[in-house]
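Participant: For reference, the sequence and a predicted model appear below.
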Amino acid sequence: MDFSQTDEQKMLQESVKRLLERSYDFETRQKMLQSGRPWSPEIWQALAEMGILGLPFAEEVGGFGGAMADVVAVAEPFGAHLLIEPYVSSILLAGSCLGQSDSPAAQAQLSKIITGEQTAAFTHEEGKGTADPAFVSLAATEAAGGFTLSGEKRMVLGGAQADTLVVSARTRGTAPDKDGLSLFMVDPKQQGVSIRSFITIDGRHAAHITFDGVQIPSERRIADDAHSVLQTVISRAIVALCAEAVGAMGALLGLTSEYASTRKQFGTPIATFQTISHRLADMKIAYVKARSCLLYTTALMDAGQAGAQDISILKGQIGALGRDIGEAAIQTHGGVGMTDEVSIGHFHKRILTINALFGDSEYHFRAVGKSLATVDA
Amino acid sequence: MDFSQTDEQKMLQESVKRLLERSYDFETRQKMLQSGRPWSPEIWQALAEMGILGLPFAEEVGGFGGAMADVVAVAEPFGAHLLIEPYVSSILLAGSCLGQSDSPAAQAQLSKIITGEQTAAFTHEEGKGTADPAFVSLAATEAAGGFTLSGEKRMVLGGAQADTLVVSARTRGTAPDKDGLSLFMVDPKQQGVSIRSFITIDGRHAAHITFDGVQIPSERRIADDAHSVLQTVISRAIVALCAEAVGAMGALLGLTSEYASTRKQFGTPIATFQTISHRLADMKIAYVKARSCLLYTTALMDAGQAGAQDISILKGQIGALGRDIGEAAIQTHGGVGMTDEVSIGHFHKRILTINALFGDSEYHFRAVGKSLATVDA
Amino acid sequence: MTTQTKEELDAFREEVAAYLDTAPTDAIREAGRKTTSAFAPFEQGAAWQAILNEKGWAAPDWPEEYGGTGWSAEQRTIFEEEYRKRDLPPLLPNSLKMVGPLLIDLGTEEQKAKYLPRILSGEDYWTQGYSEPNSGSDLASLKCSAVADGDDYIINGSKIWTTFAHKSNRMFMLVRTSSEGKKQQGITFLLLDRTDFPGMDIRPIKGLDGHAEFCEVFFDNVRVPQSGRVGAENEGWSVAKHLLKHERNGSANSPVLVRYLKRITEAAQDETSPFGGKLCDDPVFQRDLGALYADVATLAQFEWLIMSGQEMVNDPALPSIAKTMNSELIQRVSVMMTRVSGLEGLSMQLDALAVGSGVDPMGSELDLISMPFYLNSRATTIYAGTNEVQRDLIARSLPIA
Amino acid sequence: MTTQTKEELDAFREEVAAYLDTAPTDAIREAGRKTTSAFAPFEQGAAWQAILNEKGWAAPDWPEEYGGTGWSAEQRTIFEEEYRKRDLPPLLPNSLKMVGPLLIDLGTEEQKAKYLPRILSGEDYWTQGYSEPNSGSDLASLKCSAVADGDDYIINGSKIWTTFAHKSNRMFMLVRTSSEGKKQQGITFLLLDRTDFPGMDIRPIKGLDGHAEFCEVFFDNVRVPQSGRVGAENEGWSVAKHLLKHERNGSANSPVLVRYLKRITEAAQDETSPFGGKLCDDPVFQRDLGALYADVATLAQFEWLIMSGQEMVNDPALPSIAKTMNSELIQRVSVMMTRVSGLEGLSMQLDALAVGSGVDPMGSELDLISMPFYLNSRATTIYAGTNEVQRDLIARSLPIA
């Protein structure tokens, strides 16, 4: 395998970087957050025009057939700029569910997502925080001509803003059965859907959503036997989230080593104190580890060889290494690092959020150990 | 509670220190190890004469009625000098079992132990490495006028040198039943006893001992329903072992900070490198923690208030903090610390050994967490 | 050590328990449960202090003549234990643990008479003006200047990380009155009667947790009376060092941590483990909890030894060791909290956290505080002398060959 | 990257597997299983190298013209994987990974012709004479001197941590030939044809694990020919730096660690947990194993990226990052090993560890090696440049404002 970026990927990454450097500096982002807007429609439109929103989708559904490595190439700068736009939720999660469906309704919806006209929200998490979709228990009961949804979904990114909810639900069995999972397209304005909106610590809009006897016609079921679709979609989203985290880690490493070289205490830049310089070295080691793991796993995925253990290694490592880098960055910045006014803490909160989504490092490390101990038995 | 040493304890500790400084410097110890002698009879006799061997025993069995704090006061210098004499095994473990027995045979044996004429070995461990005696499964089957012992004991400190083995065995039930445990006095030269002798990494002589149908007359059973006796004896031995470890940690802290202040690299003592000085600071923090935990738990025990959780906290902390100190000491010494020729590695091996005896830090931390989670339920 | 019998202590415990069960208002209790920092919500903390002061219990460790309780160490511990059990808000330390004890030791009679009663009652809140934007760890390099002018000083410069300055009515601060000699010389310790002197400007700074707990304070030709000086001019460094002893040797920190671990354990009884069963029964949770609890227990053991006057109390590195241990344990406890909350810790819930808002939290009570507490506690290894500086000091106490 | 098809690679794997299943003697296999260090037991390691050399496989990464195999990266990995699976002893690195590549790059034709074949065959073993008792991390301060005298140098001083010097017949070393200029100047790189020159004295040093792996070497007016010099006089520092690249960029380190983790996992299937059940089913064991395995996997990923020439290969800090990662992982793996062995790791079993002794180990095969491996691996963060020095170097590679 070759792990170097192709020229196309370099160009793609450069163009995203240029866009964000121009229009998404930290102060601009903070103003947007304070304005209460969930994200910037201008940036979203710019990404649509650059083809980034269609990047992960096959050409036959209106996408650009990008590989995982292409998505990673754009997700790293997304992380480095702390994007709050719903790329992972609307494109990689909800969008990919739509893209993997052969339902005409899903296809039609996806084309609006790719153009940026509308967004969709992946309405899946039930508070377990695991990567395994078998934990879904929200009930989809068959009723005349369709299904009735009842139950609760939590931490739905972009849930209050989405034009469509892509909801995972269980038509039979109980968690953690792999069988009996389906995906539904639900209009959030439908009767019985209650949405409690909030902002996450990393500035994204999210929602807890309750379904109370929500009627869904059969043609809005866009997938049945959906466990493996969900697993694929989530695995790819995990890689993209990890790429965001690695982008954030790179930013923290750069900002912190620069800060340490200018901030003076006791008459000398603090980088000259060995404890600080060794902490910077540890940050760099952690970053090199994180990025190696990301790029390797990405290539593995593009080669069709990434198994559950590989994804768990990636997610576990990024969560743990990211926390180390973030905490080291704050400590090195001292009081300034504790303020909302500089980007350091925001990067750390982005990393913490990514760690908690789809299973934290503890979960994934243990999953790795469990599979090793079991395979060897 | 008052945690300061009494004047008597200070005197006792000082006299032991003086003896060891005079007769037990590192080179002398190493020569003894190389000579193949299991320990120094002269030192053992000196300790007997000072009353140290009788210290933990009640006056009515010929001891001096010392408190746990008294034993801790002598065990700290034992650790600081890496004593290989069988204080813990013959006095605190086997001796205490004899001392708690009302059997005349046990009493008679104990008086020979206290004078240093003979030694006894606590023959108990079955390879689980836990502090809980309920794990004993060596079988004591009732036979005409006595019992037949069959099974294996491992890591019996001083086992090949002892004049008497104090053996824990099960007359009924299965591990981990608390019921059905007894203690027997066994002559190691008896038919059916096979001893495989070896040296531990910290220089003590130990043995794995197999019992193959060994006949024991009833009067050599010195305790039945022995679970609580064993627990008490082991708890006190744990405190003494932890005191040894703390003594070793103190020695490592002192030796390492002194070394760092003289060893020069790049034209300056290595203690002036902040990474080294902060590592020394961490060693000191660890030492203060370890000693606080030791002294507090000792006082608690003397007040009759030390429960299983307190013992587990102590054993867990000493094992973990000791490892940190030992590894830091070796790293700070560099290549020299890797050699058998200086004491640093020997202290570390003593600490590692103590950690592994009667449950390592992992075991005890988990026991603490388990009891917390259970008590609160 | 103590002359009280077990019966007397038991009776004392009952008295304390009965009082703490009835005296605090609902808002005060709510503030206690929602405390996510070393600093409790300001208003309820002050209200609670006023109530305690009426009972005479606002400052148990002050000398009795100045309003202390005269309790034995055992009684103070009992009080602390019962206090923690009820999750009551900690009293703000600046006045009670810092300025008050300092004035008792070094203040003039006039200063004592003027300030101590209002410190006890909570009417006055003293913010601390030490750090400056370019003088953090290297505090002695501070530049904020005070130039004598008649009976006054004229102050110019700025102070930062002044906790609750925007809620304070008094300030104690270090200023530079001379640039001669070593940088530690030429520093003066000042008490400011007001925080709204002409030319003073206070800017709250929002922290990672979304709360404005600390501020920057700007001084533009601020005229203050010299009578506010504590100690001699240019000798403020030793005054500050004296104060530090009170700050660091103050009270036991372990009870708070034990209580947080208890709340974590309780919350784990309602959480399911992604590997099946309840989180509290999960061996990994138990191991990690046990290791952390053991270290917190050791902090408690250490604090007991210090309180009892064990020999190690004479170690000059002791305050630094205590600060390092405590701050790093707070952080570890906070990480454990966020582990238990997981995803539910990701939502910003500033509204639900506000005392009296009536907004329901979105997850459990622990979920509400986990992330703010974690984020806020990142500061513990930075403030009051970074842990890097503490380790420098500890290393200096070690023997050299 | 590769031009070989999957079928070709599969066939190659079969060929390697068949060879490795049959070529090593029992003693060589035993030595592999009993390896508790980066350095395998000397005699069996040498015997194995001789066998491999007959096959032409002693130095897969050497250029083909000098005796390398000409394998692709994939083939080398396959060889490495099959090699590790069988727990065969690693070949000693000094000659094959250090002196050999150095001579290929910088040696004279005469030196190459004379030394390379005997390096490949294992007939010559080259010990490394770098460190001195007072020059460890600060290697450039070395004092062992070589004074020119006719066609010879006269060497005085001493070297320490010379691995297997007591078993070596050759030595490469750094000596001081000038005290002018910066301390890095004035150092010369020498090859010594013998290790028993008159005036040379070798003292083995016993390590923590009870083995004498390294030595101190004393030089008392030792006369050696100048023809052994590599590079110019006083330019030995750059020769050593060149060599370092080979040492650090050598081969992948992760396969060894993966293999040790596998042995740990296998051993855990026979161990009972003190909390009931088998150790391998214990969630705490699984979590800790998983976290460690993930980090080892990341080392492997990193090594793959480097081997494939990914951009990060140009980072000047790369060798230091690799050394730090690898050494600290070895230590963590070794701790995990001792955790699994527990009490059974406490017995010194030097006799059972000796290849061919026929002494039964007292516990499991893992128990036999756990503690010696743990103790020996404490050196990994010390040798080849302490990890403190590595972190200094890594920090220097970071951007400054």
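Facilitator: Ah, there it is.
Participant: what domains does the record give for the chain?
Facilitator: Going with chain A. Listed by automatic domain parsing, the domain ranges of chain A are A:7-85, A:121-224, A:228-376.
Participant: Chain C is the one I meant
Facilitator: C:6-91, C:126-234, C:252-397.
Participant: Minimum distance to residue D:389: which of those domains has it?
Facilitator: Of all the domains of chain C, domain C:252-397 sits nearest to residue D:389, with 19.8 Å by Cβ to Cβ. All C-beta atoms are positioned from the backbone trio N, CA, C, and that covers glycine.
Participant: is chain A contacted by the host helix or strand of residue C:240?
Facilitator: For residue C:240, the host element (DSSP states H and E) is helix C:236-249. No - applying Cβ under 8 Å from any Cβ of the partner chain, one finds helix C:236-249 out of contact with chain A, separated by at least 15.5 Å.
Participant: Dump that helix to CSV, keeping only the CA atoms.
Facilitator: Extracted in CSV, the C-alpha atoms of helix C:236-249 (Å, rounded to 0.1, in the frame of the first residue of the first chain):
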residue,chain,number,x,y,z
GLY,C,236,5.1,42.4,50.0
TRP,C,237,6.8,39.2,48.8
SER,C,238,7.3,37.9,52.3
VAL,C,239,3.7,38.9,53.2
ALA,C,240,2.5,36.9,50.2
LYS,C,241,4.7,34.0,51.2
HIS,C,242,3.2,34.1,54.7
LEU,C,243,-0.3,34.1,53.2
LEU,C,244,0.6,31.2,51.0
LYS,C,245,1.2,29.1,54.0
HIS,C,246,-2.4,29.6,55.0
GLU,C,247,-3.6,29.0,51.5
ARG,C,248,-1.8,25.7,51.2
ASN,C,249,-2.0,24.4,54.7
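Participant: if you look at it, does any of it touch chain B?
Facilitator: No - applying Cβ under 8 Å from any Cβ, one finds helix C:236-249 separated from chain B by no less than 14.5 Å.
Participant: Does anything pack onto that helix? Which helices or strands?
Facilitator: Contact partners of helix C:236-249 among helices and strands, from 3 or more Cβ pairs under 8 Å, 6 or more residues apart in numbering or on different chains; DSSP states H and E: helix C:100-106, strand C:170-176, strand C:187-192, helix C:318-341.
Participant: Where does the prediction get shaky in the stretch 101-250 of chain A?
Facilitator: Of all residues in the stretch 101-250 of chain A, none has pLDDT under 70.
Participant: one step back: any chance of the domains of chain A in TSV, with distance to residue B:17 too?
Facilitator: Listed next are those as TSV, based on distance: least, Cβ to Cβ, whole Å:
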stretch	distance to residue B:17
domain A:7-85	59
domain A:121-224	56
domain A:228-376	36
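Participant: Distance of whichever residue of chain C sits closest to chain B relative to chain D?
Facilitator: Across chain C, the shortest distance to chain B (Cβ to the nearest Cβ) belongs to residue C:290, at 2.8 Å. Using Cβ to the nearest Cβ, to the nearest Å, residue C:290 is found at 10 Å from chain D.
Participant: Run a quick neighbour tally on residue A:47.
Facilitator: 24 (other Cβ atoms under 10 Å in any protein chain shown).
Participant: Doesn't it belong to a helix?
Facilitator: Yes - judged by DSSP: H, G, I helix; E, B strand; the rest coil, residue A:47 forms part of a helix.
Participant: if I pick it, what's in contact with it?
Facilitator: When contacts are counted by Cβ atoms under 8 Å, 6 or more residues apart in numbering or on different chains, residue A:47 touches A:16, A:19, A:53, A:85, A:87, A:116.
Participant: circling back: mind giving me TSV with the helices and strands packed on helix C:236-249 and columns for mean pLDDT, mean neighbour count and distance to chain D?
Facilitator: Compiled in TSV, the helices and strands packed on helix C:236-249 are given as follows (pLDDT from 0 to 100; neighbours: other Cβ atoms under 10 Å in any protein chain shown; distance: least, Cβ to the nearest Cβ, whole Å):
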stretch	mean pLDDT	mean neighbour count	distance to chain D
helix C:100-106	94	21	40
strand C:170-176	97	25	28
strand C:187-192	97	24	30
helix C:318-341	96	22	12
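Participant: so can I have TSV of those showing distance to chain B?
Facilitator: Shown next, in TSV, are these (distance: least, Cβ to the nearest Cβ, whole Å):
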stretch	distance to chain B
helix C:100-106	25
strand C:170-176	26
strand C:187-192	26
helix C:318-341	5
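Participant: now these in a markdown table, with distance to residue B:341?
Facilitator: Compiled in a markdown table, the helices and strands packed on helix C:236-249 are given as follows (distance: least, Cβ to Cβ, whole Å):
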| stretch | distance to residue B:341 |
| --- | --- |
| helix C:100-106 | 53 |
| strand C:170-176 | 52 |
| strand C:187-192 | 51 |
| helix C:318-341 | 33 |
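Participant: Tell me which of the ones you listed approaches residue B:23 most closely.
Facilitator: Closest approach to residue B:23 among those (Cβ to Cβ): helix C:318-341, 34.5 Å.
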